[in-house]
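Peer 1: this is the structure alone, sequence omitted:
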């Protein structure tokens, strides 16, 4: 892992006992007080399984994993940051179906030399993110291991509405975005350059993203035809939605449709010689919501129009994303395994 | 990790491409064909979240994680073994609530040098275990990392019956066990001694446990007052059930009540100088079901009587497990973090 001298100067030092000083039950006793019960929880942690209410007769489920050294660094983010982010990126997946998050469970791998305070922070972050929407932390599992791994599974309630899939966009629909793009990527670039001080606002988005969770059910209620969470970048996730729907997403010029985002990225781009447009189009992990709506629909609060859906043709095949009328040449987001 | 020369001689060699040779989508394409859809799945993998049916209006949820080098070794178990075990230990948690498993999601961390064939095997094992009960593999997440981590979250359907908790055992109840105890621990001891050949049957239980999943709902239907999955050993898990219920579990002499298990462990004990009684009382991971029933109840098929519930007193406080009338002095199961 990173050298101590790389540690972001705004992070508190961890002191006190480490995980190996406690028994499993002792560590759990430090974690449990931070976990909200949730308002759909019939039976919480402590038995072989939790029991959750599903008054709708259906529920949505998604899982996401964060790995130390891949998705976070302990010298760049506190335990509370990592817990918040692990929960929020999962809660956003539920919102992206048009559902309300109700509960998470967490499998946690911790090295023996990890400070107990870091684990308590993680629990506070998980709990804090869940509290923003009334969701509970209803179960988990702990194991030792060489690096921290946080695997969260999230559940949500559709409230009687059909789930909004990636595959429903139709030519003529409006393409709209809720939340921000590019700030988490800019924040990561600031940390990577040792310049966390130069733009604390984008660093804060990297550490604790604020997905527009309420916009998901609002979009479903407003008749959204397709929706997804932007976790790997607007271009790459846009291609996924376009591919699933068999259409082309024709986005406007970034200087117009992403003007607010580019303005918010300008200071960070200046500080480290970064490219605001590349961050805005290619950076994921702000966890905004990309959705399509029928042409005449009023966009729900929080969504702004960024383009239109059109048919594939000889110039742009199904699954394409056009930016200002052309195929973009900038980054298209994350690729985890390729060489 | 272990040296190549430690590799159990009955394991096939892995050859062919490794994870780093593929893109994430390429790896997913190798995994998906092995995953059953499940009969409660309204929307499977590929969107932001899956959608599952909950006709009961409730569902049960549990999560368990397996970490390479802690819970399995790649030179002792194939990918298919690990997938099977990861699924089964989760499915058993659902059965222990008296519910039927319906679906799992899987977060998977894989090193770049892991053979793709190993990952395909893992998917086959996960899918194979789920198929035994009609459950689906409905979602997942992939990440790179230095060691394999398999975090499974399982869901289940109560079918209109109340969940069977750990806390409902009452003095006078019968203590009963479904499934086996000690064989997984014996199998692990054989592998550790390099003697997998001496008792393939117990090694097979370690690699691919066969929890009595149908016995969970059967116990609920028969009026079980308390139940749990035996994952950390009969003594330790018995103490948990006794603690939650505020009672004492008074187990009979192992030579009588665990006679079948001890007979099945005799060859392994001989081969490596092991202690069959210690394995049977302290070894987990066969994932049998420990349950209590009212004194007059007919035990459902698969359960055998191993003791009685009684009140705490000066000689044995609430939470105690007695064996043949005395407090046992042998191992009491796993402790993950203690020094």
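Peer 2: Everything's here; your move. Being a predicted model, the structure only gives us computed values, none of them experimental.
Peer 1: now do the contacts for residue A:143.
Peer 2: By Cβ atoms under 8 Å, 6 or more residues apart in numbering or on different chains, the contact list for residue A:143 reads A:107, A:108, A:109, A:110, B:65, B:66, B:67, B:70, B:71, B:336. The C-beta positions use only the backbone N, C-alpha and C, and glycine is treated the same way.
Peer 1: and the nearest residue to the fifth one once chain neighbours are set aside, which helix or strand is it part of?
Peer 2: Right, the one you point to is residue B:65. Counting by Cβ to Cβ, 6 or more residues apart in numbering or on different chains, residue A:107 is the residue found nearest to residue B:65 once chain neighbours are left out, at 3.8 Å. Here residue A:107 sits within strand A:100-110, counting by DSSP states H and E.
Peer 1: the inter-axis angle of that strand versus strand B:100-110?
Peer 2: Our comparison of strand A:100-110 with strand B:100-110, counting by axes from the mean of the first three to the mean of the last three Cα atoms, to 10 degrees, yields an angle of 50 degrees.
Peer 1: before we move on, back to that, could you measure from the residue nearest to residue B:65 over to residue A:149?
Peer 2: Distance, residue A:107 to residue A:149, using Cβ to Cβ, to the nearest Å: 8 Å.
Peer 1: what do those two both touch?
Peer 2: Common contact partners of residue A:107 and residue A:149 (Cβ under 8 Å, 6+ apart): B:65, B:151.
Peer 1: count the residues that sit near the closest residue in space to residue A:154 that isn't next to it in sequence.
Peer 2: Computed as Cβ to Cβ, 6+ apart, the closest residue to residue A:154 that is not its neighbour in sequence is residue A:90, at 3.8 Å. Neighbourhood size, residue A:90 [other Cβ atoms under 10 Å in any protein chain shown]: 33.
Peer 1: quickly find the element holding residue A:90.
Peer 2: Element membership for residue A:90, per DSSP H and E: helix A:79-95.
Peer 1: average model confidence for that helix?
Peer 2: Over the span of helix A:79-95, the pLDDT mean works out to 98.
Peer 1: re earlier: hmm, the residue nearest to residue A:154 is touching residue A:152, no?
Peer 2: Yes - if you go by Cβ atoms under 8 Å, residue A:90 and residue A:152 touch, sitting 4.6 Å apart.
Peer 1: any common contacting residues for these two?
Peer 2: Joint contacts of residue A:90 and residue A:152 (Cβ under 8 Å, 6+ apart) are A:63, A:64, A:104.
Peer 1: for those residues, which one is nearest residue A:260?
Peer 2: residue A:64 (27.0 Å; Cβ to Cβ).
Peer 1: does that closest one count as helix, strand or coil?
Peer 2: Counting by DSSP: H, G, I helix; E, B strand; the rest coil, the backbone at residue A:64 sits in strand.
Peer 1: which parts of chain A are helices?
Peer 2: Per DSSP state H, chain A carries helices over the ranges A:24-31, A:79-95, A:116-131, A:183-192, A:200-207, A:215-221, A:234-245, A:254-257, A:259-272, A:276-282.
Peer 1: what sits against the closest residue to residue A:206 other than its chain neighbours?
Peer 2: Spatially, and ignoring its direct neighbours in sequence, residue A:206 is nearest to residue A:187 (3.0 Å; Cβ to Cβ, 6+ apart). Counting by Cβ under 8 Å, 6+ apart, residue A:187 touches A:199, A:202, A:203, A:204, A:205, A:206, A:207, A:268.
Peer 1: turn the residues you listed into JSON lines, columns for neighbour count and pLDDT.
Peer 2: Compiled in JSON lines, the contacts of residue A:187 are given as follows (neighbours: other Cβ atoms under 10 Å in any protein chain shown; pLDDT from 0 to 100):
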{"residue": "A:199", "neighbour count": "24", "pLDDT": "94"}
{"residue": "A:202", "neighbour count": "30", "pLDDT": "97"}
{"residue": "A:203", "neighbour count": "27", "pLDDT": "96"}
{"residue": "A:204", "neighbour count": "16", "pLDDT": "96"}
{"residue": "A:205", "neighbour count": "23", "pLDDT": "97"}
{"residue": "A:206", "neighbour count": "25", "pLDDT": "96"}
{"residue": "A:207", "neighbour count": "26", "pLDDT": "96"}
{"residue": "A:268", "neighbour count": "25", "pLDDT": "96"}
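Peer 1: tell me the one among those nearest to chain B.
Peer 2: Distance to chain B, by Cβ to the nearest Cβ, is smallest for residue A:206 among the contacts of residue A:187, at 17.7 Å.
Peer 1: that closest one against residue A:188, yeah?
Peer 2: Yes - in this structure, residue A:206 is within contact of residue A:188 by Cβ under 8 Å, at 5.1 Å.
Peer 1: where in chain A is pLDDT low?
Peer 2: Counting by pLDDT under 70, chain A has low-confidence residues at A:1-7, A:9, A:13-14, A:330-339.
Peer 1: domain parsing for it?
Peer 2: Listed domain ranges for chain A are A:4-11+A:20-157, A:166-323 (source: automatic domain parsing).
Peer 1: quick revisit: only the buried subset of the contacts of residue A:143, as a ChimeraX command please.
Peer 2: Only the buried entries of these go into this ChimeraX selection, using 16 or more other Cβ atoms under 10 Å in any protein chain shown:
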select /A:107,108,109,110 /B:65,66,67,70,71,336
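Peer 1: nearest to residue A:159 among the contacts of residue A:143?
Peer 2: Using Cβ to Cβ, residue A:107 comes nearest to residue A:159 of the contacts of residue A:143, at 27.8 Å.
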